[in-house]
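Participant: What would the 3D arrangement of this be:
(one chain, ligands or ions: 2)
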Amino acid sequence: MATHNKNLSDFSHMEVASANSYRFGIVVSQWNAEVTGKLLDGAYETLTKYGAKEHSIRIIQVPGSYELTSGADILLRDKALDAVICLGCVIQGETKHFDYICSAVAHGISHVALKHNKPVIFGVLTTDNLQQALDRAGGKHGNKGAEAAVTAIQMAALSAI
Ligand SMILES: Nc1c(NC[C@H](O)[C@H](O)[C@H](O)CO)[nH]c(=O)[nH]c1=O
Ligand SMILES: CC(=O)[C@@H](O)COP(=O)(O)O
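Facilitator: Ligands and ions are numbered 1, 2, ... in the order given. As a prediction, the model looks like this:
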């Protein structure tokens, strides 16, 4: 398995830009809050670790991952934002609903990024079960929120060239 014993959030091999001159938005889903709260912690701590100022991080909540697209669109009314991070956790249930949400969110986030010409980062866990999600929200496989924050910093720096 590709992730066996791997910390997917190991950035030691990367040179991460300073975040101190950028403004970030974070939209976080309330579904599976025990997971998305940890993703938010990972993202916020990572942004500030690399120099982002607390007052340069705007955070809003949406009901579910499907609404992350709308939340990102709302945040990007603020033209001063350099990047938006979308955090959610979609866990497979009994039906195909999982497939429709995951596809809609992935395509929707890409659409919003192109609409506003701003980086919108896909920090959404799409897992078979809760344990897989917890493993990727500060567990043995790292924190998808931290990964999304590093991506946001790198893309904000790229957009500034
Ligand atoms: N089952 C999960 C959902 N479902 C809710 C949808 O995201 C959406 O809010 C609803 O369909 C109304 O538009 N959301 C998650 O984030 N995670 C899930 O596991
Ligand atoms: C991803 C979902 O929407 C899912 O949790 C809903 O569960 P079900 O497919 O059993 O209705």
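Participant: Which single residue of this structure ends up nearest ligand 1?
Facilitator: Relative to ligand 1, the nearest point of the chain is Gly64 (2.2 Å; C-beta to the nearest ligand atom). C-beta coordinates here come from the backbone N, C-alpha and C atoms, glycine included.
Participant: Distance check, that residue against ligand 2.
Facilitator: Separation of Gly64 from ligand 2 (C-beta to the nearest ligand atom, to the nearest Å) stands at 8 Å.
Participant: Equivalent analysis for Ile91, please.
Facilitator: Distance, Ile91 to ligand 2, by C-beta to the nearest ligand atom: 6 Å.
Participant: For the chain, what lies in contact range of ligand 2?
Facilitator: Proximity of the chain to ligand 2, by C-beta under 6 Å from any ligand atom, involves residues Val90, Ile91, Gly93, Glu94, Thr95, His97, Phe98, Ile101.
Participant: Could you rerun that using 8 Å?
Facilitator: Counting by C-beta under 8 Å from any ligand atom, the residues of the chain close to ligand 2 are Gly64, Val90, Ile91, Gln92, Gly93, Glu94, Thr95, Lys96, His97, Phe98, Ile101, Cys102.
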